[in-house]
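Participant: build me a structure from this.
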Amino acid sequence: MPREGAEERLLDAFPRLRQESRCAADACFRVRPDEPASRRLWGYLEATVEYEGDRAHVHVLAT
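Facilitator: Predicted coordinates:
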């Protein structure tokens, strides 16, 4: 996806995600452990964003 606004679009799609301060990618997000996940939506969700030029590569892991 285009780099500009990638993180905002990710948070719009998954509003319970919170950005992590420690990250091996350019940006990392996950559901905070103190926020119980809805069984109807997901058990665990994390997303990483890696920037390459003007593109953002977004990876989402949900279980």
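Participant: so who does V60 touch?
Facilitator: Residues near V60 by CB atoms under 8 Å, 6 or more residues apart in numbering: 14, 45-47. C-beta: built from backbone N, CA, C; applies to glycine.
Participant: what helix or strand does it sit in?
Facilitator: strand 55-62 (DSSP states H and E).
Participant: export that strand as PDB, just CAs?
Facilitator: Extracted C-alpha coordinates of strand 55-62, given in PDB (Å, rounded to 0.1, in the frame of the first residue of the first chain):
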ATOM      1  CA  ARG A  55       5.400   1.700  -0.200                       C
ATOM      2  CA  ALA A  56       4.400   0.100   3.100                       C
ATOM      3  CA  HIS A  57       4.300  -3.600   3.500                       C
ATOM      4  CA  VAL A  58       1.800  -4.600   6.200                       C
ATOM      5  CA  HIS A  59       1.800  -8.100   7.700                       C
ATOM      6  CA  VAL A  60      -1.100  -9.200   9.900                       C
ATOM      7  CA  LEU A  61      -1.100 -12.300  12.100                       C
ATOM      8  CA  ALA A  62      -4.400 -13.300  13.700                       C
END
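Participant: now that strand: buried residues?
Facilitator: Of the residues in strand 55-62, 56, 58 count as buried by neighbour count, 16 or more other CB atoms under 10 Å.
Participant: what helix or strand does the spatially most central residue of the chain sit in?
Facilitator: Nearest to the mean C-alpha position of the chain, by CA atoms, centre = their mean, lies A47 at 3.1 Å. In this structure, A47 is located in strand 45-52 according to DSSP H and E.
Participant: report the angle between the strand holding V60 and strand 45-52.
Facilitator: If you take axes from the mean of the first three to the mean of the last three CA atoms, to 10 degrees, strand 55-62 sits at 160 degrees to strand 45-52.
Participant: please work out the average pLDDT along strand 55-62.
Facilitator: The average pLDDT within strand 55-62 is 93.
Participant: follow-up on the earlier one: I'd say the residue nearest to the centre of the chain and L10 touch.
Facilitator: Yes - look at A47 against L10 with CB atoms under 8 Å: they come within range, at 5.8 Å.
Participant: that concludes my questions; thank you for your assistance.
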